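Visitor: Generate a structure from the sequence data that follows.
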Amino acid sequence: MKTGLKVLDAMSQNPVTISPTKTIFECSRIMLKKNIGSILIVNGNNLQGILTEKDLVNFIAKGLNPKKVLVSKVMTKKIDTIEPEADLFEALTKMKTEKVRRLPVVYKNKLAGMLTLNDILKIQPALFEIIQERAKIESSKISPKPIEGECELCENYGKIYEVDGQYICEECRTEQE
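Guide: Below is the predicted model:
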C-alpha cells in the first residue's frame, strides 16, 4: 500500500547527533536538554550507532559510571535505517517489523535525517487509522470469530470455527494445527 508521501516529507532533517567519543553523561544531558528519546552517534556524516532511552536504562541497571563510559561502548550498533525516497507506509511497516519507534534516514551511506512515529503522526494521522483497520482485518482472517453449532468432526455442540471450509470446535481446531 502506497501513501504517496515519502520519508523525506516527514523526517527531521537535522537530527541531534553526538560523537562516539563522548561520555554517557554528556549524551544524556543533551537528550534531556533537547527533550529527545534517542540520539544518533556519528563520525562525520557516517552513522555509527544510536543511543535510546532503553540503552540508558540498561546502562544504569549495570551500575557503571556515566562520566567514564563512552557512548560507543553502550550504543546500539545494529541500526535499522530507511532511505528518504521510501514511502511512509514502508517506513511504518519496517518500524512495526523491527519493533522500533525511530529510523535514521540514510542516503548513499550518509545520514540525511531521522524519522520517528511522531513525525509520521504529524504529517499523516489518517495513516495510523488505515493501518489499524488493516491490522484488524488481517487478524480476523487469522483468528475467525466463533459461532454456535455442531462440530463437523467430533459432533460436540458449542463454539465452532470455520477452518478450511469446515466448521470445527476449538479442541479439533488445535488438534489439526
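Visitor: mind checking how far the most far-flung residue of the chain relative to its centre is from Y167?
Guide: Using Cα atoms, centre = their mean, the residue of the chain lying farthest from its centre is E155. It sits 44.5 Å away. Remark: distance between E155 and Y167 (Cβ to Cβ, to the nearest Å) = 11 Å. Any C-beta I mention is one placed from the backbone N, CA and C, and that applies to glycine too.
Visitor: hmm, back to that, the residue farthest from the centre of the chain and E148, how far apart?
Guide: From E155 over to E148 (counting by Cβ to Cβ), the distance is 14 Å.
Visitor: helix or strand right after the least confident helix or strand in the chain by mean pLDDT?
Guide: Of all regular secondary-structure elements in the chain, judged by mean pLDDT, DSSP states H and E, the least confident is helix 125-142 with a mean of 62. The C-terminal neighbour of helix 125-142 among helices and strands, as given by DSSP states H and E, is strand 147-150.
Visitor: Name the residues that touch that next one?
Guide: Where contact means Cβ atoms under 8 Å, 6 or more residues apart in numbering, the residues beyond strand 147-150 that reach it are N156, Y157, G158, K159, I160, Y161, Y167.
Visitor: Send over that strand as PDB, restricted to the C-alpha atoms.
Guide: These are the backbone C-alpha positions of strand 147-150, laid out as PDB (Å, rounded to 0.1, in the frame of the first residue of the first chain):
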ATOM      1  CA  ILE A 147     -20.400 -19.200  16.000                       C
ATOM      2  CA  GLU A 148     -22.700 -21.700  17.800                       C
ATOM      3  CA  GLY A 149     -23.100 -25.000  16.200                       C
ATOM      4  CA  GLU A 150     -22.100 -28.700  15.900                       C
END
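Visitor: Strand partners (parallel or antiparallel) of that strand?
Guide: In its sheet, strand 147-150 lies beside strand 157-163 (antiparallel), with partners assigned from DSSP bridges.
Visitor: buried sites along the strand it pairs with?
Guide: By neighbour count, and taking 16 or more other Cβ atoms under 10 Å as the criterion, the buried residues in strand 157-163 are I160, Y161.
Visitor: remind me which residues of the chain are low pLDDT?
Guide: Screening the chain residue by residue with the criterion pLDDT under 70, one finds the ranges 1, 124-144, 177.
Visitor: wait, is E85 part of a helix?
Guide: No: counting by DSSP: H, G, I helix; E, B strand; the rest coil, E85 is not part of a helix but coil.
Visitor: Return the residues in contact with it.
Guide: For E85, the contact set (Cβ under 8 Å, 6+ apart) comprises K6, V7, L8.
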